[in-house]
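J.: starting from these lines, generate the structure:
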Amino acid sequence: MVNKEEIFHRLNEIKQATDYLRKIKLGDLDNREKFLLSRYHLQIILEAMFTIGNQIIANKVFRKPASYKDILTVLYENKILKKELYSRLIPLVDLRNRLVHTYWKIPKEELIEIVRNELIYFEKFVRTILECLDHEA
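T.: Next comes the predicted model:
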């Protein structure tokens, strides 16, 4: 059985991080502290998504993913993620790796684009997982 409490905790982390990023004024990213904090919130979102994905995969005994991208692929293959959401989230896996390993190479302009255009897909991920958990009840 899925540890719903743990998943709800991670979903809440995603919600809080997306809320922070929605509230920040894009001009505020000129401030180094706010820029760094925004990058960190993106990392929290992505790490929480992969943790949730791994928990669902393990619980449902789907094939074991070989990578972060594969976590999303396994969820897609097993109809947890719809094609549109999957196709929007997959490119963001590389962002996770860059946030962790080459964080200094992420320019402010790229962060602004993500905040403007991608937050909705993190929110859709949260709704998708909540629907998945509802169907288990």
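J.: tell me the mean pLDDT for the helix or strand where Leu130 lies?
T.: Using DSSP states H and E, Leu130 maps to helix 119-136. For helix 119-136, mean pLDDT rounds to 92.
J.: so which bits of it are buried?
T.: Applying a neighbour-count criterion of 16 or more other C-beta atoms under 10 Å, one finds 119, 121-126, 128-129, 132-133 buried in helix 119-136. The C-beta positions use only the backbone N, C-alpha and C, and glycine is treated the same way.
J.: again, but for stretch 62-71
T.: For stretch 62-71, the neighbour count (16+ other C-beta under 10 Å) marks 62, 65, 68-71 as buried.
J.: save those residues as CSV, and put in secondary structure too.
T.: Formatted as CSV, the buried residues of stretch 62-71 follow (DSSP: H, G, I helix; E, B strand; the rest coil):
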residue, secondary structure
Phe62, coil
Pro65, coil
Tyr68, helix
Lys69, helix
Asp70, helix
Ile71, helix
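J.: okay if I get the residues you listed as CSV plus distance to Ile80 and pLDDT?
T.: Converted to CSV, the buried residues of stretch 62-71 look like this (distance: C-beta to C-beta, whole Å; pLDDT from 0 to 100):
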residue, distance to Ile80, pLDDT
Phe62, 9, 93
Pro65, 12, 97
Tyr68, 16, 93
Lys69, 15, 94
Asp70, 13, 96
Ile71, 10, 97
